[in-house]
Each structure stands twice: as structure tokens, then as C-alpha cells.
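K.L.:
sequence first, then the predicted structure:
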Amino acid sequence: MRRLLLVLVLLASFVLTGGAPTVPAAALPNDPIVIAVAGTSIEAFDPGWVSELQAMVGGAAIVKSWGVGGAAYAYDNAGVPRIPAHVKARFAAEGAPDVLIVGPPINDLIRSHDTLATRQAVFDLIQWAGARGTVALPATITPFRFDYYAAATLTARRNDYNGWVRSQFGYPYVNAAIDFGDVLAAGSFADPRFMADSNHPGPRGWPLLAEAAFTVLDQRGHI
């Protein structure tokens, strides 16, 4: 897409200048894209996998963490803005990013008995961002550690949500899914080596999440 835009700029410049095309700096193909990462706790804290992703992409992109600790997509928490409202405020303040990584709704899963409202909130956010020129990359939910008190129940909800995310490729504004679902897993649950606690990835898990995101960004031509 960025190469197509560059070609269009060159053609327009050629016509307007009578054969002496000029390229504005903002149209150069090495101009870094902006990647925003929306989500809950695992996107909110720095350092974390977002910092790891920035190190991997280097100067090809600017990676911004738009995570909100304790927040959810569809379920309010006292004093904490819902993720869609927070993302819309960042759009207004900073402009539309080129890519929006829609992080996994872990808090929604913990607070809800079904995933329908969460799926709808994520879908609505993707469509809203897409209408403003942003491509979405929704991410699947990381596994829970086997000793988490609600691991069995939450794993069923997680599988339901992850199946839905993987089915969204091809919908408007969805370029691909980033599959966090298995990179930290050991069977049906999380590998304890990669976890900070029962449901949050730790320092040894961050590079695996960043690598999963980097791979999709690279394969889809964003970096």
C-alpha cells in the first residue's frame, strides 16, 4: 500500500511539473509507519513485549503502547476507561496510526460469562479505526497457567474468542490475526517458564509475543 501511494505521488508530480517529479519527505518509502498496540494489562506496562517489538522493527516503525492497565473492551472497571474509549481519545490526540494491534481481552474473559459482548466491542473498534484509515491486526488470547483458580472455565472462553479472531481475516479492515494463542502454551495451559503469574506473560514470554507480532507485520508488508 505504501509503495502504491508513492507511485501515485510520483505520477501526480510528473503531471504537475511537466516531467520533473518531486517526492515529499512524508512519501518516502523508508518513512517509519506508526503501529499502536491497544489492550489491557500486558500491553500497558513498559518494559514489555511492546518494547521488544520496537527493538525488532528498529527504525522501520514507531510502536506505541496504548494499553490501559486493568481495562477491558466491553466491561467497565471503576475508575478505569474502557479500551475503545481510550483508543478513540488517542486517535484524537495523536492521529490515526497505520496499524492497530488489538490486544487480547484477558480482563473481559475474567469478568464475563460469555464472549459475545467482547467480540462485538472488538469488532466495532476495528471497524471504527478502519474507517479512519487504520489496518487492524487482532490478537488471540494467551493461555492461563494450570494452577489459576478458573483456568478450565476461562480456557473454554479463550478458545471461543480465539476461534472467532482467527475467522476474521478477510473482513473489512482486518489484514491478519496475530496468534498469541499457542506461543506460550504447554498443552492446554501456559508454560510456567513464560509467565509472570497465572494469567500475565513475564519477561521470558515477551520476546515470543513480540516475535509473533513481528512475523505477521513482516508477512503482511507493514515493515
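P.N.:
Good, I have the coordinates.

K.L.:
okay, the spatially most central residue of the chain and G187: tell me how far apart.
P.N.:
Centroid-nearest residue in the chain, with C-alpha atoms, centre = their mean: I101, separated by 1.6 Å. From I101 over to G187 the distance is 26 Å, taken as C-beta to C-beta, to the nearest Å. All C-beta spots, glycine's among them, are computed from the backbone N, C-alpha and C.

K.L.:
hang on, A93 in a helix?
P.N.:
Yes: A93: assigned to a helix according to DSSP: H, G, I helix; E, B strand; the rest coil.

K.L.:
stretch 101-121: end-to-end distance?
P.N.:
15 Å (C-alpha to C-alpha, to the nearest Å).

K.L.:
which parts of it are buried?
P.N.:
101-110, 112, 115, 118-119, 121 (16 or more other C-beta atoms under 10 Å).

K.L.:
from these, which land in helices?
P.N.:
Among the buried residues of stretch 101-121, DSSP state H puts I106, N107, D108, L109, I110, T118, R119, A121 in helices.

K.L.:
C-terminal to the helix or strand of the chain with the lowest mean pLDDT, what's the next element?
P.N.:
Lowest on mean pLDDT, DSSP states H and E among the helices and strands of the chain sits helix 2-17, with a mean of 42. Downstream of helix 2-17, the first helix or strand assigned by DSSP states H and E is strand 33-39.

K.L.:
can you name every helix or strand that that following strand contacts?
P.N.:
Applying 3 or more C-beta pairs under 8 Å, 6 or more residues apart in numbering; DSSP states H and E, we find strand 33-39 packed against helix 49-57, strand 61-67, helix 83-94, strand 99-102.

K.L.:
including mean pLDDT, could those go into a markdown table?
P.N.:
Output for those, formatted as a markdown table (pLDDT from 0 to 100):
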| stretch | mean pLDDT |
| --- | --- |
| helix 49-57 | 95 |
| strand 61-67 | 95 |
| helix 83-94 | 96 |
| strand 99-102 | 97 |
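
K.L.:
tell me which of those sits most buried.
P.N.:
strand 99-102 (a mean of 26; mean count of other C-beta atoms under 10 Å).

K.L.:
sketch out the low-pLDDT regions of this structure for me.
P.N.:
The chain contains residues with pLDDT under 70 at 1-30, 45-46.

K.L.:
need the residues that contact stretch 187-199.
P.N.:
For stretch 187-199, the external contacting residues (C-beta atoms under 8 Å, 6 or more residues apart in numbering) are 106, 110, 142-149, 151, 154-155, 184-186, 201-205, 208.

K.L.:
sorry, back to before: ok, the residue nearest to the centre of the chain touching V34?
P.N.:
No: using C-beta atoms under 8 Å as the test, I101 is too far from V34 to be in contact (11.4 Å).

K.L.:
for burial, what's the neighbour tally of D147?
P.N.:
When neighbours are counted by other C-beta atoms under 10 Å, D147 registers 10.

K.L.:
in JSON lines, list the helices and strands packed on strand 33-39 along with distance to Y171.
P.N.:
As requested, the helices and strands packed on strand 33-39 are arranged in JSON lines below (distance: least, C-beta to C-beta, whole Å):
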{"stretch": "helix 49-57", "distance to Y171": "24"}
{"stretch": "strand 61-67", "distance to Y171": "22"}
{"stretch": "helix 83-94", "distance to Y171": "17"}
{"stretch": "strand 99-102", "distance to Y171": "12"}
